[in-house]
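*Asks:* below: sequence and its predicted model.
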Amino acid sequence: MASAHIDTFARDNLPPVEQQPEYLFDLPELQYPAQLNCSDELLDRHVEAGRGDHLCIQGPGGVRWTYADLQDKANRIAGVLVNGMGLVPGNRVLLRSPNNPMLAACWFAVMKAGGIAVATMPAAARRS
């Protein structure tokens, strides 16, 4: 399977191929190019198709972002990750945050930059 990752740690530490499931992509709707950035499919294509002003995400306190709003935030964060912090495709990025719109923007930013998002939620650790 092709990968654009420069940092191959995650790929190199997968279970052996014989222990992995068989991946079947026989259905027509499962035919994807050899390389695909999920942020293109899940976010950018909506803006490109003219739906940038459609509501994409709602959050606490009346936060309402369109696809264009979310794309703008994700693009800005991705720029900081790549240009300011030196992220290269395949780097892992820990996202520790409550489930909120900014977490979604950060997740998309990591995807756009080619990283691997590892999301954790502080509330999930608080168990008695």
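*Replies:* Structure's in. What do you need?
*Asks:* where does I57 land in three-state SS?
*Replies:* strand (DSSP: H, G, I helix; E, B strand; the rest coil).
*Asks:* where's it relative to Q20, distance?
*Replies:* Per Cβ to Cβ, to the nearest Å, I57 is found 33 Å from Q20. From N, CA and C alone the C-beta is placed, and that goes for glycine too.
*Asks:* do a quick rundown of the strands in the protein.
*Replies:* Applying DSSP state E to the chain gives strands spanning 55-59, 63-66, 92-96, 116-120.
*Asks:* mind putting those into CSV with mean pLDDT?
*Replies:* Converted to CSV, the strands of the chain look like this (pLDDT from 0 to 100):
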stretch, mean pLDDT
strand 55-59, 96
strand 63-66, 98
strand 92-96, 98
strand 116-120, 96
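*Asks:* low-confidence ranges in this protein?
*Replies:* 1-2, 124-128 (pLDDT under 70).
*Asks:* where do the helices sit along it?
*Replies:* 9-12, 38-39, 45-46, 67-79, 101-112, 122-125 (DSSP state H).
*Asks:* need the contact list for N100.
*Replies:* Residues in contact with N100 (Cβ atoms under 8 Å, 6 or more residues apart in numbering) are 59-60, 63.
*Asks:* please redo it, this time with the cut-off set to 10 Å
*Replies:* 57, 59-61, 63, 106, 121 (Cβ atoms under 10 Å, 6 or more residues apart in numbering).
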